[in-house]
Structure formats: structure tokens, C-alpha cells
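>>> pasted the sequence and its predicted model underneath.
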Amino acid sequence: FVTITGNALRCGGDNVASVTIGDVAHLSIESENDTVVVIRAGDNFGNLSAGSDIVVTGNYRASLSTAGAWTWTEASNITEVSPSVGQAGTIVTITGNNLFGNGTSIVDVLFGSINSTVRNASQTELVVVLEDNGTTEGPVIVQVVANTGALATISDAFNLTAVGTISSITPSSGHQGTSVRIEGERLLAAGTNVS
């Protein structure tokens, strides 16, 4: 997130309509008032010379600017998600670069709208466990959110499968050595065998 402080940031209007950094428009305005504006920076598509001036424009189209207030840095990116298919409980490794987004930690890893729990995190690798996705399935966008608000996303790298269900266990009692038959749907949990 980028926090801009000053006076009359709404430029005489009722709200802040836009913020540009160089020639890059904001991705989102998180909060704004006349003295503090918090934005998520837009995508500079790797152009580290996209400009350093910040321009704040109010809803009446008046604007103010500050020169040379910003420096673009290397964007976060995801290069691989492994495995590429899973459901609740699946342990997933995400590799990439600058995953902390010039920050110190990861605050969220999402598979579409499904949360995950971060087990281990570094600038180049995350290990996460998918939380309950119920019947949600299909290809999803994987999104990593750093504590700076920086985003790293990748499309077409992961498919959710619906959580498996057990319909019967036969017999329902036994002891060591008893042969048990378990029936249901998606019992391999998107894998190839039971381990």
C-alpha cells in the first residue's frame, strides 16, 4: 500500500477520484480523506522507469502533484505452483521472486476465493495448506498478498477439486489386521494413490 499524506488532498472536491504514479494509474483506493490517501499501486508491467511523480486528482478534476516522490522496484511474481491440482488439506509449494513485495511477510495466499494457511515463507518460496473449498472446483487464480499490499498472481496454474466424501465403511468395527472397504467419491483427493 502507498500512503500519501498532506493537506487538501481532495483538491476541493468530495473525494479523491484517482492517483497516478508516473504514468501508472492506481489499482485501488483503499481509503481517502483530505489529509491521508491510501492506494494500491497499479501495474507498471516491469517498467522501472514508468515515472516517479505522484498526482492526486479530486472528483472535481482539480489535481496536485509531488515530483520524484516514488521509486519503482522489481515486481513480485509467481513462477510455479506445485502440485497443480488439489483440495482442502493439500500442501502447495509456490515459487517465485520478491514474494514479500519489498515487505517482511505474507498476509494472505488465495486460490480463487479459498484461503490457505502459510506454513513457511521466504522471498522465493511459500509452503501453504489449502483450507476448506467444499464443492468449489475448477481453475483458479493464485494470489499472494504481502504485508506491503504488493500482489503476485498467476493464472492457469492451479485447479481446485471438490472435497472427497465417504459414503460407507464396511465392516464398521474390527481390530488389527481387519480388512476394511471404504467407498465414496474423490477418495484420492486429486492424487494418484493413497499414501
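Yep, that arrived.
>>> packing partners of the helix or strand harbouring Asp108?
Secondary structure assignment for Asp108, by DSSP states H and E: strand 106-111. Packing partners of strand 106-111 (3 or more CB pairs under 8 Å, 6 or more residues apart in numbering; DSSP states H and E): strand 114-121, strand 125-130, strand 138-146. C-beta coordinates here come from the backbone N, C-alpha and C atoms, glycine included.
>>> spatially nearest residue to Ser113 (excluding sequence neighbours)?
For Ser113, ignoring the flanking residues on the chain, the nearest one in space by CB to CB, 6 or more residues apart in numbering is Thr136 at 7.5 Å.
>>> returning to what we had before: mind listing what's buried in the strand holding Asp108?
By neighbour count on 16 or more other CB atoms under 10 Å, the buried set for strand 106-111 is 106, 109-111.
>>> ok so, going back, nearest to Gly6 among the helices and strands packed on strand 106-111 would be which one?
Distance to Gly6, taken as CB to CB, is lowest for strand 138-146 among the helices and strands packed on strand 106-111, at 25.4 Å.
>>> so what touches the helix or strand just after that closest one?
Note on strand 138-146: by DSSP H and E, the next helix or strand toward the C-terminus is strand 151-160. For strand 151-160, the surrounding residues in contact (CB atoms under 8 Å, 6 or more residues apart in numbering) are 27, 40, 75-81, 84-87, 92, 96, 98-99, 101, 111-112, 114, 130, 133, 136-146.
>>> tell me the mean pLDDT for the strand holding Asp108?
Strand 106-111 carries an average pLDDT of 96.
>>> and what of stretch 2-17?
The predicted model assigns stretch 2-17 a mean pLDDT of 96.
>>> picking that back up, let me know the closest of the buried residues of strand 106-111 to Ala69.
Of all the buried residues of strand 106-111, Ala69 sits closest to Ile106, with 26.9 Å by CB to CB.
>>> state the distance from the closest residue in space to the closest one that isn't next to it in sequence to Phe158.
Among residues not flanking Ile106 along the chain, Ala121 sits closest, at 4.9 Å (CB to CB, 6+ apart). Here the criterion is CB to CB, to the nearest Å. By it, Ala121 lies 18 Å from Phe158.
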